[in-house]
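Q: fold the following for me, if possible:
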Amino acid sequence: MLFNSAAYLIFLPIVLALYWIIPSKWRTMLLLVASYVFYMTWKPVYGLLIFLLTAVNYGLGLAVSRSTEHKKKLLILTVVLNLVVLAIFKYAYFSLDLVNQAIAPFGKTLPNIPWQIVLPLGISFFVFEFIHYIADVYKGDKPITSFWKFALFPSFFPTQIAGPIKRYQDFVPQLDEEKHFKLKDLDEGFKLIVFGLFKKVIFADNLSTVVASAFAHPELLSGFDLWLAVYAFAFQIYFDFSGYTDIARGSAQLFGFKVPLNFSLPYLATNISDFWHRWHISLSTWLRDYLYIPLGGSRGGKLFNYRNLFLTMLLGGLWHGAAMHFVVWGAYQGLLLIVHKEFRRIVDPIVQVRSMLDSSAGRLLCTVLTFHAVCIGWVFFRAETFSSACAVIQKLLLVPDIVSSPATAFAITLPAITDPVIFMILPMIILVLFGGQILSGLFANKHIKLPEWLDVAYVASMVLFLLIFSPDTSPKFIYFQF
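A: Below is the predicted model of the structure:
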C-alpha cells in the first residue's frame, strides 16, 4: 500500500478511528494487525517471512540478554542470520553476476537461480532495526519482553517500508504511555501528511518527467542540459524521500507517536560531513553506531580512521542497491568524507584560511561546492548502470558546449522543461520550503501566536495545488526499492 494511493487515504482514517475508540489495552494489537494488513496488500506471503524473522529475533534477543557464557556467539549468530536473509533476497543476483564475471575468462559460468527472487518491501529497514535491537541488548539494554510489542516495533506501518529507522528505546516506551486523543496531534499530523504529499506529488513526481527524459538519452544532451537534469534529480529525490518521511511522521503523530526526524535542509550543508548530519539522519546515525564505531571509528591512526570511513560509506552504498553504480556512489561518498577531513586537518591551523571559510561569503561558497559534489554523486545513484553514469559524469565535467548539439535533444527535454506545471512549481518550492519557516519565525515569540486563519490558508493552498496540479500517475517512492 502506497502513501500516495487512494487505498491509504481510506485505510488510515479507519485505523485511526478504531484506535481512539477501542480500550487502550487493545491498541497495540490493533496497530500490529493494521501494520500487517498494510504490508500484505503487496504480497501476502512475505508477511509470513517478516513474522518468522520477527519471532526468531525476539527469541534470540531474549537469549542474548539472559546468556553469560555465549552472549557474543548469540549476537554474531543473530546478526549473521539477519544479513543472510537480506543477502538472499537483495544480493543473490548481484553476487551471481559478479562470480560469473570473475570466472568467465576460464570459460565457466554458474547456473541461473532456478526460481525468481522478489525483493520484499522494506526488508533492509526491518533488518537494520533487528540488528540495532540485538546489538543494544548485547550492550546491556533491557530486551522487550512482550512479543506483540516487539513485533510492532519493526512493523509499525508508518515507518515499515522506508523508515525513518527507529530505536526501540525510543519507540517501545511510547506503547506503554496512557495516550489520550489530542487535537494538537491531529492538527500537526494532518499538516505533515499534506506537506509530505505536496512534496511528493507536486514536486518530485513532476520533476521526475524531466529526469527520466534526460537520463534515458544522456548521449543526446550537452553537459549544460545534463546539469539541469542532475539538479532536477537532486530535488526530486529530496522531495520524494523527505515527503515520505513527512507522511510517516504525520501518520505516526495521529496515533500519538513520535518517530525520528530524517532531514534537516541537507542542501544547505557547508561540507559533506554536515550533509550526512542532515540527510537520511536515521540511516547515517545507524551506520555510525553499528558499523563505523564497531569497525574502530576514529580510534587509532589517521589511515585507520579513513579506512573505517570509506568502508562504512561503501557498505552504505551497497545497502542502497545490489548494483555496481550504488557501490561506486558509496565509495564516492567515503572519498568525499576523507578529502574533507584531510582538508580541514591542513587548513584549520591556518587562521586566515579558517576565518575566510567561516565568513558569510566563505560559507556560501562551501555550500555551493558541497551541493555540486553531492549532485555528482547523485548521477551514480540515478543512472541505470555504471557505464551510463560514467558517460554522464564525463559530459558534466567537460561541458563541451553550452547549447544542446543534436536537435533530438530539444525534442526530448523541452516538452518536460516547458510544461506549465514545472514553471509554476519552481516558485512554490521556495514558498513551501521557506514560507512556513519564515511565518513561524515571525511569530516565534511566546507572546505572539501564528494566526489560525494563516495556518489554515497555508495548508488549504497545498491541498488546492494537490487537486489541480497532480500528475495523472504518481510513481512509487524512490526508497521503496531499498
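Q: got the phi and psi for residue 142?
A: Per-residue torsions, residue 142: phi -70, psi 140 (degrees, to the nearest 10).
Q: if I look at it, how far off is residue 321?
A: Distance of residue 142 to residue 321, given as CB to CB, to the nearest Å: 35 Å. To be clear about C-beta, it is placed using only N, CA and C from the backbone, and glycine gets the same treatment.
Q: more crowded one of the two?
A: Using other CB atoms under 10 Å as the criterion, residue 142 and residue 321 rank with residue 321 on top: 20 against 11.
Q: for the strand or helix carrying residue 311, which positions count as buried?
A: Assessed by DSSP states H and E, residue 311 sits inside helix 302-320. Buried residues in helix 302-320, defined by neighbour count with 16 or more other CB atoms under 10 Å: 305-320.
Q: quick check: next helix or strand after it?
A: By DSSP H and E, the next helix or strand past helix 302-320 is helix 324-347.
Q: would you mind writing the CA trace of that following helix as PDB?
A: Taking C-alpha atoms only, helix 324-347 is exported to PDB below (Å, rounded to 0.1, in the frame of the first residue of the first chain):
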ATOM      1  CA  MET A 324      27.900  -1.500  -9.100                       C
ATOM      2  CA  HIS A 325      26.700   2.100  -9.500                       C
ATOM      3  CA  PHE A 326      25.400   2.100  -5.900                       C
ATOM      4  CA  VAL A 327      28.700   0.700  -4.700                       C
ATOM      5  CA  VAL A 328      30.600   3.400  -6.600                       C
ATOM      6  CA  TRP A 329      28.200   6.000  -5.100                       C
ATOM      7  CA  GLY A 330      29.000   4.800  -1.600                       C
ATOM      8  CA  ALA A 331      32.800   4.700  -2.300                       C
ATOM      9  CA  TYR A 332      32.500   8.300  -3.700                       C
ATOM     10  CA  GLN A 333      30.800   9.500  -0.500                       C
ATOM     11  CA  GLY A 334      33.600   7.800   1.500                       C
ATOM     12  CA  LEU A 335      36.300   9.600  -0.500                       C
ATOM     13  CA  LEU A 336      34.500  12.900  -0.100                       C
ATOM     14  CA  LEU A 337      34.500  12.500   3.700                       C
ATOM     15  CA  ILE A 338      38.200  11.600   3.700                       C
ATOM     16  CA  VAL A 339      39.100  14.500   1.500                       C
ATOM     17  CA  HIS A 340      37.000  16.800   3.800                       C
ATOM     18  CA  LYS A 341      38.700  15.500   6.900                       C
ATOM     19  CA  GLU A 342      42.200  15.900   5.300                       C
ATOM     20  CA  PHE A 343      41.400  19.400   4.100                       C
ATOM     21  CA  ARG A 344      40.300  20.500   7.500                       C
ATOM     22  CA  ARG A 345      43.300  19.000   9.100                       C
ATOM     23  CA  ILE A 346      45.500  21.000   6.800                       C
ATOM     24  CA  VAL A 347      43.700  24.400   6.800                       C
END
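Q: now the element after that helix, going C-ward?
A: helix 351-358.
Q: report the buried residues of that next one.
A: Applying a neighbour-count criterion of 16+ other CB under 10 Å, one finds residue 357 buried in helix 351-358.
Q: after that helix, next one along is what?
A: helix 360-382.
Q: off-centre distance for that following helix?
A: Put simply, helix 360-382 sits 19 Å off its chain's centre (CA atoms, centre = their mean, to the nearest Å).
Q: and what of stretch 247-261?
A: Distance, centroid of stretch 247-261 to centroid of chain: 16 Å (CA atoms, centre = their mean).
Q: over to stretch 227-242?
A: Counting by CA atoms, centre = their mean, stretch 227-242 comes out at 13 Å from the chain centroid.
Q: oh, and call the first residue 818 from now on, that's how I've got it
A: I'll keep to 818 as the first residue from here, and by that count the last item is stretch 1044-1059.
Q: mind giving me the domain split of the protein?
A: Listed domain ranges for the chain are 823-993, 999-1299 (source: automatic domain parsing).
Q: could you tell me the least trusted of those?
A: Comparing mean pLDDT across those, the weakest is domain 999-1299, with a mean of 81.
Q: ok now it, how far from the chain's centre?
A: How far domain 999-1299 lies from its chain's middle: 10 Å, per CA atoms, centre = their mean.
Q: give me every residue that touches the residue nearest to residue 982 when sequence neighbours are not counted.
A: Distances taken as CB to CB, 6 or more residues apart in numbering place residue 1099 nearest to residue 982, at 4.0 Å, with adjacent residues excluded. Contacts for residue 1099 (CB atoms under 8 Å, 6 or more residues apart in numbering) come out as 980, 981, 982, 983, 1077, 1079.
Q: how does it look with 7 Å?
A: 980, 981, 982, 1077, 1079 (CB atoms under 7 Å, 6 or more residues apart in numbering).
Q: so which of the buried residues of helix 1119-1137 is the closest to residue 825?
A: Nearest to residue 825 among the buried residues of helix 1119-1137 is residue 1137, at 24.7 Å by CB to CB.
Q: wait, doesn't the closest one sit right on residue 1143?
A: Yes: between residue 1137 and residue 1143 there is a contact under CB atoms under 7 Å: 4.7 Å.
Q: if we can go back for a sec, reformat the contacts of residue 1099 as a markdown table; add distance to residue 1011, secondary structure and neighbour count.
A: Output for those, formatted as a markdown table (distance: CB to CB, whole Å; DSSP: H, G, I helix; E, B strand; the rest coil; neighbours: other CB atoms under 10 Å):
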| residue | distance to residue 1011 | secondary structure | neighbour count |
| --- | --- | --- | --- |
| 980 | 20 | coil | 27 |
| 981 | 19 | coil | 24 |
| 982 | 24 | coil | 23 |
| 1077 | 21 | coil | 18 |
| 1079 | 18 | coil | 25 |
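Q: now those as a markdown table including distance to residue 826?
A: Below are the contacts of residue 1099 laid out as a markdown table (distance: CB to CB, whole Å):
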| residue | distance to residue 826 |
| --- | --- |
| 980 | 21 |
| 981 | 22 |
| 982 | 26 |
| 1077 | 25 |
| 1079 | 22 |
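Q: now do the end-to-end distance for stretch 827-847.
A: With CA to CA, to the nearest Å as the measure, stretch 827-847 spans 16 Å from end to end.
Q: do stretch 1193-1213 as well
A: Stretch 1193-1213 has its terminal residues 8 Å apart, counting by CA to CA.
Q: buried residues, that stretch. List them.
A: 1193-1200, 1203, 1205-1206, 1208-1210, 1212-1213.
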